[in-house]
Each structure stands twice: as C-alpha cells, then as structure tokens.
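1. missing the sequence, but the structure's below:
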C-alpha cells in the first residue's frame, strides 16, 4: 500500500541522487528535473531495488560518456555539453523503465499477470539504454571505422546506425552487468541475468537499426524517439523471454 512516507522518501532520494549527478555535470538542470520525474515512480512502484538498477545504469552511462572524452572530442564525436545529459536524453532512456515499474506494481492486480514479467520488461529496457550508451561511447574509440548495421558498408565514426565489434562487445558486457546488478540486488536468479543480457543486446541493436532507417529517413524522428523505440523493444523482449521460459 502506497503512503505519503513512500512518496516523500522517493522524492528525497531522487533529489539527492539528482543533485549529485548535477554537481558532477552528468546531467544539466533539465536532466536533473527529468531524472526526478523518472525516478520517483520507479522507487514508489518498484522499490529501492529498482532504483538501484536505475542508478547503476546512470553511473555506467556517465562513466562510458566521460571515458576518454577528450579523445572523442578531438574526433568530433563526443557528446555535447561535456557529456551532461539533458531532459530529452533522460526521458528517452528512462521513461519506458518507469512505465514498466508501474506495471510491475499494478500488473498482478489489474492484468492478472506475474509481476516478474514486468520486472524483466524493466530490466530489458534499462539494459537496452545502458548497452546502447556504452556501445556508442566505447565504439567511437575503435581504431576501425564502423559499418552500417543495415548493409555493413563502412561509414564515418558517429554515424547513425554505425556499429563496431568493440561497441558490440561493450553492449553485451554492459547488458550482462545490468543483469548481474539485479541479481545481487535480490531480484531474481541467474536465468534473469541471461534474459536481461539478451534483451539489452537485442534492444541496443534495434536502436542502431532504427537510427540507420527511421532516424535517417525522417527529420521529425530524432534520437530520443529512437531511444524510446529501442527501450520499448528491449523491455518487450525481456518480458517475452521470461514468458517463454516459464
């Protein structure tokens, strides 16, 4: 049962974490506000364990973004604003996971579905966002030019839909790490880790595919639309893989 204490605790925790993120320039002020908007429902409906996974993702994404930032800046492929994420990026990567957190809480009552299905949806969406960020940031450091995911033609570093072997390895590894973090948070067994890894890896590659197609074809379809599409896909794959397993 939700209480005012839950809401106050969630708000305070998000303010503290968001404040630290803003202090270390991981987000700008708009990203700070968006993080609170995303974080509060995740804590309220998913609990501290869910927020731990969200925070863990955010830390890994920030580390990947800042990693060898000057080298990426010299290449002309570094994130703008010294890597500080805006509200668009925070919402694009986090809004789907917040929805899955709400479904985790209400799903068993209103849809008569196992809450674990929505847990894996949450983890799949988070793993997708984490893997995509790591794959893009680490992949940009590859000594080899990326290849377009749709036809494998060589493209310039930073091109939408461009993938590298280094980036793909980073995606798989980070998706696995997200699953492992959930395991140590007590959210499930090792099968959950594998499902999270697969869902995150698939979702991050869907991100690349959508980037090479819809984002390239239509000016109105931006990177944040791509992020939302990919995190939905990663979440759905996570839920489906769990459903097939049981």
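-> Yes, it's here. Model, not experiment: these values are computed from the prediction.
2. how about the lowest-mean-pLDDT helix or strand in the chain: buried residues?
-> Least confident helix or strand, the chain: helix 69-75 with a mean of 85, by mean pLDDT, DSSP states H and E. Buried residues in helix 69-75, counted by 16 or more other CB atoms under 10 Å: residue 72. All C-beta spots, glycine's among them, are computed from the backbone N, C-alpha and C.
3. next one: stretch 229-246
-> 229-242.
4. which outside residues touch it?
-> When contacts are defined by CB atoms under 8 Å, 6 or more residues apart in numbering, stretch 229-246 is touched by residues 92-93, 95-97, 100, 114, 116-129, 132, 191-192, 195-196, 198-200, 202-204, 206-207, 210, 214.
5. cool, stretch 185-197 as well?
-> Counting by CB under 8 Å, 6+ apart, 49, 52-53, 116, 119-120, 123-124, 127, 172, 175-176, 178-180, 182-183, 238, 241-242, 245 sit against stretch 185-197.
6. filter those to the buried ones?
-> Of those, these count as buried by 16+ other CB under 10 Å: 52-53, 116, 119-120, 123-124, 127, 172, 175-176, 178-180, 182-183, 238, 241-242.
7. among the residues you listed, which are in helices?
-> 52-53, 116, 119-120, 123-124, 127, 172, 175-176, 178-180, 182-183, 238, 241-242 (DSSP state H).
8. If you tally nearby residues, what's the number for residue 107?
-> Counted with other CB atoms under 10 Å, the neighbours of residue 107 add up to 19.
9. helix or strand for it, which one?
-> Element membership of residue 107 [criterion: DSSP states H and E] is helix 87-110.
10. Next, the buried residues of that helix.
-> 87-105, 107.
11. That one packs against which elements?
-> Here helix 87-110 touches helix 29-46, helix 48-66, helix 115-139, helix 223-245, going by 3 or more CB pairs under 8 Å, 6 or more residues apart in numbering; DSSP states H and E.
12. Now do it: everything it contacts.
-> With CB under 8 Å, 6+ apart as the criterion, helix 87-110 contacts 27, 30-31, 33-35, 37-39, 41-42, 44-46, 50, 54, 61, 111, 113-115, 117-119, 121-122, 125-126, 129, 133, 223-228, 231-232, 235.
13. And it, how far out from the chain middle?
-> Relative to the chain's own centre, helix 87-110 is displaced by 12 Å; criterion: CA atoms, centre = their mean, to the nearest Å.
14. Show the pLDDT at the closest residue to residue 114 other than its chain neighbours.
-> Leaving out its chain neighbours, the residue that sits closest to residue 114 by CB to CB, 6 or more residues apart in numbering is residue 108, at 7.0 Å. On pLDDT, residue 108 comes in at 92.
15. Tell me the spacing between residue 108 and residue 163.
-> 38 Å (CB to CB, to the nearest Å).
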